[in-house]
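Enquirer: below is the structure, and that's it, no one-letter string:
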């Protein structure tokens, strides 16, 4: 059985499986095929991580724990699916269950923790929530940093093209992007942690 | 979610040098390897059980067939007729009663009769011709008397 190619790189990472590919990959994982598992991971790790960050309220280590548990559960228990949506719903449900477990474990390990256990199953559309936080975080950036991010990610300009526009070097643009991403990440995490 | 937002968010939490990927894939592949072994073992067991059941069915079907065909074959074999028929006739036919000579003579009241042995075989002797005519002529020579 030929496994669907795992999305590679930034452009490919945006794509998700078709229904047929989702069926094929889930079937492959159910049969214990390594390549199918790799394809599943490469296609969904970003989405599962974003979802896990929302579940973990911006706690990166907790989110990574959820992601790892979710994919290991997939390796163990994923059966045949009907469609891509079915596959994603399955992964999201498993992630949610691991999120609840992780929060409970964290709560038990740290009794003095004041954070209440979030109502994880009630979280509405994590992607929308994440997008809203990203917008807010972008507006919190300095104008030049935000402009650099928008040119690179929204207008698909290369480092060189941005450098030409800004009258600087590509290396300087790269450093600015790195700094802006770190700032964005920090703000999004902070916003997620304040979610009720 | 807009693709450009998705791209940016993915980059925000992009793992350094794919360490998370390696760890998860390694652990996942270990699980899958175990799963494959269990799957293989299950298939082998299922096949073995199926073969055993099949053999059992074939054996149970062939057992009565073998005994019946064996019996038929034996019945057709002349040398086995005696063996096959022996126990049956033994069980159904009453045992032959061996008569003493005195008891034999009692079957011929008022008849002059004697017994003589010629070449190891016993023969009746009827001195009177009318007795001889009455008893001996009705007996086939092949009956051994």
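Expert: Sure, I can see it. Only a predicted model underlies this, so the values are computations on that prediction, with no experimental measurement involved. Numbers count the residues shown, from 1 in each chain, chains lettered A, B, ... in the order given.

Enquirer: from now on I want contacts and neighbour counts done on CA atoms only, so please keep to that.
Expert: OK.

Enquirer: and residue B:122, helix, strand or coil?
Expert: The three-state label given to residue B:122 by DSSP: H, G, I helix; E, B strand; the rest coil is strand.

Enquirer: residue contacts, the closest residue to it other than its chain neighbours?
Expert: Using C-alpha to C-alpha, 6 or more residues apart in numbering or on different chains and skipping the chain neighbours, the partner closest in space to residue B:122 is residue B:116 (5.6 Å). When contacts are counted by C-alpha atoms under 8 Å, 6 or more residues apart in numbering or on different chains, residue B:116 is found next to B:122-125.

Enquirer: of these, closest to residue A:81?
Expert: Using C-alpha to C-alpha, residue B:122 is the member of those that sits closest to residue A:81, with 99.0 Å.

Enquirer: so what's the residue count around the closest one?
Expert: A count of nearby residues for residue B:122, using other C-alpha atoms under 10 Å in any protein chain shown, gives 12.

Enquirer: cool, and residue A:53?
Expert: With other C-alpha under 10 Å as criterion, residue A:53 counts 27.

Enquirer: cool, the one 5 residues further on as well?
Expert: When counting by other C-alpha under 10 Å, one arrives at 23 neighbours for residue A:58.

Enquirer: is it true that it touches residue A:189?
Expert: Yes - in this structure residue A:58 lies within contact range of residue A:189 using C-alpha atoms under 8 Å: 4.2 Å.

Enquirer: which residues of chain A lie near chain B?
Expert: Residues of chain A lying near chain B by C-alpha under 8 Å from any C-alpha of the partner chain: A:10-11, A:13-14, A:29, A:31-34, A:37-38, A:41, A:46, A:49-50, A:68, A:71-72, A:75-76, A:127-128, A:131, A:134, A:153-154, A:181-182, A:184-185.

Enquirer: now do the SS call for residue A:156.
Expert: When classified by three-state DSSP, residue A:156 comes out as coil.

Enquirer: quick one, phi psi at it?
Expert: As for residue A:156, its main-chain torsions (degrees, to the nearest 10) stand at phi 60, psi 40.

Enquirer: now residue B:126
Expert: In terms of degrees, to the nearest 10, the main-chain angles of residue B:126 are phi -110, psi 100.

Enquirer: need the contact list for it.
Expert: Neighbour list for residue B:126: B:112-114, B:132 [criterion: C-alpha under 8 Å, 6+ apart].

Enquirer: most widely separated two among those?
Expert: For the contacts of residue B:126, the maximum inter-member distance is 11.3 Å, found between B:114 and B:132 (C-alpha to C-alpha).

Enquirer: how about the nearest residue to residue A:70 once chain neighbours are set aside, what does it touch?
Expert: Nearest residue to residue A:70 in three dimensions, chain neighbours excluded: residue A:95, at 5.3 Å (C-alpha to C-alpha, 6+ apart). Counting by C-alpha under 8 Å, 6+ apart, residue A:95 touches A:48, A:51-52, A:66-67, A:69-70.

Enquirer: do a quick rundown of the helices in chain A.
Expert: Ranges of helices in chain A, per DSSP state H, are A:9-13, A:19-31, A:34-55, A:60-77, A:84-109, A:126-140, A:143-149, A:159-166, A:170-193.

Enquirer: now chain B
Expert: Along chain B, the stretches classed as helices by DSSP H are B:3-12, B:19-76, B:78-92, B:101-105, B:129-135.

Enquirer: would you reformat those as CSV and include mean neighbour count?
Expert: CSV is the format used below for the helices of chain B (neighbours: other C-alpha atoms under 10 Å in any protein chain shown):
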stretch, mean neighbour count
helix B:3-12, 18
helix B:19-76, 14
helix B:78-92, 11
helix B:101-105, 11
helix B:129-135, 13
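
Enquirer: can you tell me which of those is nearest to residue A:148?
Expert: Closest approach to residue A:148 among those (C-alpha to C-alpha): helix B:3-12, 12.2 Å.

Enquirer: near chain A, which residues of chain B?
Expert: For chain B, the contact set with chain A under C-alpha under 8 Å from any C-alpha comprises B:1, B:3-13, B:21, B:24-25, B:27-29, B:31-33, B:35-36.

Enquirer: run the last query once more with 6 Å
Expert: Contact residues (C-alpha under 6 Å from any C-alpha of the partner chain) of chain B with chain A: B:4, B:10, B:12, B:24, B:28-29, B:32, B:36.

Enquirer: need those residues in TSV with distance to residue A:141 and pLDDT, can you?
Expert: Output for the residues of chain B next to chain A, formatted as TSV (distance: C-alpha to C-alpha, whole Å; pLDDT from 0 to 100):
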residue	distance to residue A:141	pLDDT
B:4	18	82
B:10	18	83
B:12	14	85
B:24	34	92
B:28	39	94
B:29	41	94
B:32	44	93
B:36	50	91
